[in-house]
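Participant: generate coordinates for the sequence data below:
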Amino acid sequence: MSEPSIVILVVDDEPPNLKAFARVFRTVCEVRTATSGRDALELLKTEQVDLILADFSMPKMNGIELMIELRRAHPEIPRYLLTAFADHDEVVEAEALGITHGVIAKPWNKQEILALIGKHRKG
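Facilitator: Got it, this is the predicted structure:
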């Protein structure tokens, strides 16, 4: 099997969500996971990723706060919010301001994620 051509970082404070994502997409991409915004930022100090998907609703640092930090520290990495609250004012504003590249509704749809992976795949 050839090396995956895209590395995705998924940030969610619920480990079962991370495991499900990794299991579903392990054959089409390399998946890194973090259970908090701070863990994600630490991981990015040592690992390169091509795409970041982060849950909106997390304790201590929510998804939007993480997106703001990522835009500052890693503006080259496309970043998307995963949320069940896509019409939440804060989420809509974050997308309008370019804090995030888009919003993916939870529960996520496999075909939508595959399309996103295809859009950002290298080479």
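
Participant: any idea which element the residue most central in space within the chain lies in?
Facilitator: Nearest residue to the geometric centre of the chain (Cα atoms, centre = their mean): Leu53, 0.8 Å. Assigned by DSSP states H and E, Leu53 belongs to strand 51-55.

Participant: give me the contact list for that strand.
Facilitator: Strand 51-55 is contacted by residues 6-14, 17, 21, 37, 40, 63, 66-67, 70, 77-83, 104, 106, 113, 116-117, 120 when judged by Cβ atoms under 8 Å, 6 or more residues apart in numbering. C-betas here are computed from N, CA, C, even on glycine.

Participant: out of those residues, which are buried?
Facilitator: Taking 16 or more other Cβ atoms under 10 Å as the criterion, what is buried in the contacts of strand 51-55 is 6-13, 17, 21, 37, 40, 63, 66-67, 70, 77-83, 104, 106, 113, 116-117, 120.

Participant: give me the helix or strand of the protein that scores worst on average pLDDT.
Facilitator: Ranked by mean pLDDT, DSSP states H and E, the weakest helix or strand in the chain is helix 89-96, scoring a mean of 81.

Participant: for the protein, what spans make up the strands?
Facilitator: Under the criterion DSSP state E, strands of the chain are mapped to 7-11, 30-34, 51-55, 79-83, 102-105.

Participant: could those strands go into TSV alongside mean pLDDT and distance to Glu90?
Facilitator: What follows is those, written out as TSV (pLDDT from 0 to 100; distance: least, Cβ to Cβ, whole Å):
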stretch	mean pLDDT	distance to Glu90
strand 7-11	97	17
strand 30-34	97	21
strand 51-55	97	14
strand 79-83	93	10
strand 102-105	89	11
